[in-house]
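Colleague: Could you look at this predicted model? Sequence included:
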Amino acid sequence: MNLSGWPGVAARRWIEQILLERMGYPFELTSTDGAELKLSLPGFQGFIQFECDPGTFNRNDSALPCVSWGAVKEGWIPPGGQNLPVPGKHTLRVPLIQKESFGFVVHYDLLGMVYWILSRSEEVGRSDLDEHERFSARNSHAMKYDYLERPIVDEWLSILRDIICINWPELKLLKHKFSMRVSHDVDEPSRYAFRSLSRWLRAIGGDIIKRRDVGGVLKALIVKFTSRKSLSSLDPANTFDWIMAQSEKEGIASAFYFICGRTDLTRDADYELEHPAIRELLRRINKRGHEIGLHPSYNSYLSNSVILGEVARLRRVCLEEGIVQAAWGGRMHFLRWSQPATLRAWDEASMSYDSTLGYAELVGFRCGTCFEYPAFDPVSQEILNVRIRPLIVMDVTLTSTSYLALGYGDAAFEKVKMLKDACRTVDGQFTLLWHNNNLVTEEERRLYLWSLKC
Ligand SMILES: [Zn+2]
């Protein structure tokens, strides 16, 4: 099946919006006869012409070809200086970018590629999903052609930026500054306080066998019976104050995403948002200037009404606690996502942003970018109000033996540093997810602090 959309009017308006956010000017993208695209700027002479390839960039599979372009050989300097992957192409014209009397010709549907990657058209209607019904990295085009660890949309837009600067030297294009965002999915705010008796006993059993922590039994008892009004300071998962203190040292605000529903008895959380200890935690986070958001439950990802209900619950409890925020965002539990159903659910619930889109099994750039951007539904061809905040690194991906299993030492650190530097090179945003209950041991905390500071 092929989608249709590129280079339709809505798709072009969306790309214009993205260029406005990146460059700071209202460029116009016109399609002449479907064979070419023109980028112009009202009030300015000349234009940039692109090849147009709807047959390739309306595809919703991962079987597109890909070659590599030696930008430097042709006199262009991409961020990082490496050859650029060219999704959708078997062969390339030389030179790829040509100067003409009216401006430039680019023999590649560069903006079609940006459209295809950012709209996640590749993921629409897929049946090759993993055990959590997720589109997985191993089936992606980026993985097949080894560019998942590069923000290639940003790299290509940097080349476009250079073309624009030569074509219209009088423009002062918008400059961006590297920044970092940290967020924390609150799957387990307490190790012992909210569990049912059987799960509580299992947790204690685990402490004795795995961690040889016999003293933990006493701790579990104390935590269980002293967490009525606020989380116990003895609770291993109660790392919230520590997290906030570290973020404050770095001058950033942490975002904490709470589960507000139970659609799967084993995979969703044990706590209720209305519990006095959770209410106290919400107030504490808000008072210190950090953010509260939503972590929709396991089976919510295909249902507008379930997500809407969970949003309403979060907003109601926050309102009762006097918590006011300008923006509300979050991330799906287990990173479950179906494009575009989940996206539409976030949009219809009037959420400001979603930060789910990274792969569970591999770190990197699922959306080809580290910049936040307005969402687009590639099926209905609509620009949505919700924004996508791509997830670059999740703690579990680095350390879990089911995923990268890099441990807590240099290998994990080097991976984080490499990805953070890739974001830095394009003046983008590095988005890191670290669960509050994975900051218990010294080695977990050390790796997290390295990741914050590197
Ligand atoms: Zn979760």
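Modeller: That came through fine.

Colleague: Mean confidence (pLDDT) on stretch 373-385, please.
Modeller: On average, the pLDDT along stretch 373-385 is 98.

Colleague: if we look at that stretch, which residues are touching it?
Modeller: For stretch 373-385, the surrounding residues in contact (C-beta atoms under 8 Å, 6 or more residues apart in numbering) are 3, 5, 8, 10-11, 13-14, 17-18, 21, 60, 118-121, 124, 339-340, 343-344, 346-347, 350, 354, 367, 386-388. Quick note: C-beta positions are derived from backbone N, CA and C, even for glycine.

Colleague: List buried residues within those residues.
Modeller: Neighbour-count burial (16 or more other C-beta atoms under 10 Å) is assigned, among these, to 3, 5, 10-11, 14, 18, 60, 118-121, 124, 339-340, 343-344, 346-347, 354, 367, 386-388.

Colleague: Narrow the residues you listed to those in strands?
Modeller: Mapping these onto strands (DSSP state E) picks out D354, V386, R387, I388.

Colleague: Am I right that the last one is in contact with Y353?
Modeller: In this case it means I388. Yes. I388 is within contact range of Y353, at 7.2 Å (criterion: C-beta atoms under 8 Å).

Colleague: What residues does the protein have near the ion?
Modeller: Contacts of the chain with the ion, taken as C-beta under 5 Å from the ion, map to D185, D187, H333.

Colleague: Just read off the phi/psi values of the second one.
Modeller: Phi and psi for D187, reported as degrees, to the nearest 10, are phi -80, psi -40.

Colleague: And the pLDDT for it?
Modeller: pLDDT at D187 comes out at 98.

Colleague: Just confirm it contacts Y271, I think it does.
Modeller: No. Using C-beta under 8 Å, D187 is not in contact with Y271; the gap is 9.5 Å.

Colleague: Now for those two: what residues contact both?
Modeller: I259.

Colleague: now the helices: where do they sit in the stretch 351-454 of the chain?
Modeller: For the stretch 351-454 of the chain, helices defined by DSSP state H, counting those that start in this stretch occupy the ranges 395-399, 410-425, 442-453.

Colleague: Likewise for the stretch 101-250 of the chain?
Modeller: Taking DSSP H, counting those that start in this stretch as the criterion, the stretch 101-250 of the chain carries its helices at 110-118, 141-144, 152-167, 197-210, 215-226, 240-250.

Colleague: okay, those helices in JSON lines with distance to S40 and mean pLDDT next?
Modeller: Output for these, formatted as JSON lines (distance: least, C-beta to C-beta, whole Å; pLDDT from 0 to 100):
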{"stretch": "helix 110-118", "distance to S40": "13", "mean pLDDT": "98"}
{"stretch": "helix 141-144", "distance to S40": "30", "mean pLDDT": "98"}
{"stretch": "helix 152-167", "distance to S40": "10", "mean pLDDT": "98"}
{"stretch": "helix 197-210", "distance to S40": "62", "mean pLDDT": "81"}
{"stretch": "helix 215-226", "distance to S40": "64", "mean pLDDT": "82"}
{"stretch": "helix 240-250", "distance to S40": "42", "mean pLDDT": "98"}
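
Colleague: got a markdown table for those, with distance to T91 too?
Modeller: Listed next are the helices of the stretch 101-250 of the chain as a markdown table, based on distance: least, C-beta to C-beta, whole Å:
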| stretch | distance to T91 |
| --- | --- |
| helix 110-118 | 16 |
| helix 141-144 | 18 |
| helix 152-167 | 18 |
| helix 197-210 | 55 |
| helix 215-226 | 62 |
| helix 240-250 | 47 |
